[in-house]
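# From the sequence below, what's the structure:
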Amino acid sequence: MDKTLRNYLRSTKDDWNYITPIDFYNKYYTNPKAYKDIYLIDLRSKAEYNRGHIKGAKNIYWLNILDEKT
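Next up is the predicted model:
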């Protein structure tokens, strides 16, 4: 199954569905009740993550999501 999922991830286009940081901030981050139960994973590259991210987000690049070291 890992190989199938990895192949799917690698074939996914760059414009796949996601929530923008602004949308996340407005919908969840400003609402402590909604935010307290969220485990946030930032799927962008390390360079993009380092340019700015939501406090508490864990960075795992989306193509590496299945790597055991993450």
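
# any low-confidence regions in this structure?
Filtered on pLDDT under 70, the chain yields the residue ranges 1, 5, 14-17, 69-70.

# Spell out the residue ranges of the strands in it.
Listed in chain order, the strands of the chain (DSSP state E) span 41-42, 58-59.

# possible to save those as a markdown table with distance to Arg6 and mean neighbour count?
For the C-beta atoms, the positions are set from N, CA and C on the backbone; glycine is no exception. Shown next, in a markdown table, are these (distance: least, CB to CB, whole Å; neighbours: other CB atoms under 10 Å):
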| stretch | distance to Arg6 | mean neighbour count |
| --- | --- | --- |
| strand 41-42 | 17 | 16 |
| strand 58-59 | 19 | 14 |
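
# Quick one, which of the ones you listed gets closest to Asn7.
Distance to Asn7, taken as CB to CB, is lowest for strand 41-42 among these, at 20.7 Å.

# so what strands line up beside that closest one?
strand 58-59 (parallel) (DSSP bridges).

# Buried residues, the helix ranked longest in the chain. List them.
Counting by DSSP state H, the longest helix found in the chain is helix 2-11. Within helix 2-11, no residue is scored as buried using 16 or more other CB atoms under 10 Å.

# ok, now stretch 40-59?
Under 16+ other CB under 10 Å, the buried positions of stretch 40-59 are Leu40, Asp42, Leu43, Arg44, Tyr49, Ala57, Asn59.

# Which of the residues you listed fall within helices?
Going by DSSP H, the helices hold Tyr49 from the buried residues of stretch 40-59.

# What is the nearest of the buried residues of stretch 40-59 to Tyr18?
Leu43 (7.6 Å).

# and the closest one, what is it in contact with?
Tyr18, Ile60, Tyr61, Trp62, Ile65 (CB atoms under 8 Å, 6 or more residues apart in numbering).

# Drop anything exposed from those.
By 16+ other CB under 10 Å, the contacts of Leu43 give Ile60, Tyr61 as buried.
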